[in-house]
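Student: The amino acid sequence is not available; the structure is as follows:
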């Protein structure tokens, strides 16, 4: 049976400037993926005609994630085979496509809509549906940017604006918003559906990830001052948090047994290959991407802590994302508090 990384069917286009930082370094607002779930079919990654779909847009930042605003449009793409996908017919009734709701100003983008019937998809020769939109960490999405996206333009868009309608840019004249295109494949044959892969565990230095960030990091947790959060830990767990200037830590990731699916294209058999993205808002990874070809194997890399941190510690947020190349995705978050090195003992 042949192995292959399937065509990339989830595309995220993020407005950014030239940078020498590695892809693993999170230094500003970033959209890192979209998790697709089908209502009534747990685990499925690709919907069929008339299915109800939930798309969770995954957003991270350096330090605490700010309150977000966003605007998306769901649509059936026009029948083109080259260039950036553009909308053909709009999909009405997208719940959550504009946010956040007034009742929850710190909500995250979770969009729900129904895939059109098969005959409507066939009219446009559509094998996928699209989500086009803008996510802002400051200001609100520009209506003009959304119109440009609908016409197929995605370069140099002023994606977010202030209350007076003026574009918001950072000190490098970059837009503070992120332009996002999500391509969601349509599954016509549901006998062998594509399922989202699963991250089973993440290990630090060949041990379980230490608390208090073993299941994630509170959104509001500041970048500095994490040392106090370790006071309640036992000495063994506290010692697992790295010291500034210490040697690199090893980080290993394992996936659930069914994460690598076999599939057939034009009578030829393939097996998925999972891409792993290693992301952190501090320190440095040895590599930005790894690949898993056997679900029984762990895949790993090394992460180098800061050389210096404040006396009260520096919190590092890690995001680990796996993709199956066919629309399936999973993501987990972890955290570490990098502590200052121990003071040298006083001479006798």
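Tutor: That came through fine. Please read these numbers as outputs of a predicted model, since none were measured by experiment.
Student: ok, now which ones touch residue 304?
Tutor: 248-249, 283-286 (Cβ atoms under 8 Å, 6 or more residues apart in numbering). For the C-beta atoms, the positions are set from N, CA and C on the backbone; glycine is no exception.
Student: one more time with 7 Å, if that's ok
Tutor: By Cβ atoms under 7 Å, 6 or more residues apart in numbering, the residues touching residue 304 are 248, 283-284.
Student: which one of those has the most neighbours?
Tutor: residue 283 (22 neighbours; other Cβ atoms under 10 Å).
Student: pretty sure that residue contacts residue 303?
Tutor: Yes. Between residue 283 and residue 303 a contact is recorded at 5.6 Å, counting by Cβ atoms under 7 Å.
Student: ok so, going back, which member of the contacts of residue 304 is positioned nearest residue 95?
Tutor: residue 283 (38.7 Å; Cβ to Cβ).
Student: Setting the sequence-adjacent residues aside, check what's closest to that closest one.
Tutor: Leaving aside its sequence neighbours, residue 283 sits nearest to residue 305 (Cβ to Cβ, 6 or more residues apart in numbering; 5.0 Å).
Student: What's the local residue count around that neighbour?
Tutor: 23.
Student: correct me, but it touches residue 246?
Tutor: Yes. Taking contacts as Cβ under 7 Å, residue 305 lies within contact range of residue 246: 5.8 Å.
Student: Report pLDDT for residue 177.
Tutor: On the pLDDT scale, residue 177 is placed at 89.
Student: List just the nearest of the contacts of residue 304 to residue 104.
Tutor: residue 283 (32.4 Å).
Student: and the closest one, what does it touch?
Tutor: With Cβ under 7 Å, 6+ apart, residue 283 has these contacts: 303-306, 316.
Student: Residue 117 and residue 86: what is the separation?
Tutor: As judged by Cβ to Cβ, to the nearest Å, residue 117 and residue 86 stand 21 Å apart.
Student: Which one of those two is surrounded by more residues?
Tutor: residue 86 (18 against 10).
Student: Not counting its neighbours along the chain, what's nearest the more buried one?
Tutor: residue 152 is the one closest to residue 86 (Cβ to Cβ, 6+ apart), at 4.0 Å.
Student: What count of nearby residues applies to that neighbour?
Tutor: Residue 152, neighbours per other Cβ under 10 Å, totals 14.
Student: Tell me where the stretch 1-150 of the chain has helices.
Tutor: 118-123, 143-150 (DSSP state H, counting those that start in this stretch).
Student: quick one, what contacts the nearest residue to residue 187 once chain neighbours are set aside?
Tutor: Distance criterion Cβ to Cβ, 6+ apart; nearest residue to residue 187, sequence neighbours excluded, is residue 46 at 4.1 Å. Taking Cβ under 7 Å, 6+ apart as the criterion, residue 46 is in contact with 185-187, 193-194, 327.
Student: hmm, 6 Å instead?
Tutor: 185, 187, 194, 327 (Cβ atoms under 6 Å, 6 or more residues apart in numbering).
Student: Mind telling me the two of these farthest from one another?
Tutor: Top of the distance list for the contacts of residue 46 (Cβ to Cβ): 187 and 327, 8.8 Å.
Student: where does the stretch 101-250 of the chain have low pLDDT?
Tutor: 154-156 (pLDDT under 70).
Student: Tally up the residues packed near the closest residue to residue 109 other than its chain neighbours, please.
Tutor: Nearest residue to residue 109 in three dimensions, chain neighbours excluded: residue 57, at 3.9 Å (Cβ to Cβ, 6+ apart). Neighbour count for residue 57, taken as other Cβ under 10 Å: 25.
Student: what's the answer for residue 312, then?
Tutor: Residue 312, neighbours per other Cβ under 10 Å, totals 14.
Student: now swap in the one 5 residues further on and tell me
Tutor: Taking other Cβ under 10 Å as the neighbour definition, residue 317 ends up with a count of 25.
Student: Over to the one 5 residues further on?
Tutor: By the measure other Cβ under 10 Å, the count of residues near residue 322 is 25.
Student: is it true that it touches residue 328?
Tutor: No. Using Cβ atoms under 6 Å, residue 322 makes no contact with residue 328, being 8.5 Å away.
Student: Need the overlap of contacts for these two.
Tutor: With Cβ under 6 Å, 6+ apart as the test, residue 322 and residue 328 both reach residue 197.
Student: Okay, the residue nearest to residue 48 when sequence neighbours are not counted and residue 328: tell me how far apart.
Tutor: Leaving aside its sequence neighbours, residue 48 sits nearest to residue 187 (Cβ to Cβ, 6+ apart; 5.1 Å). As defined by Cβ to Cβ, residue 187 lies at a distance of 11 Å from residue 328.
Student: Between these two, point out the one with more neighbours.
Tutor: residue 328 (27 against 22).
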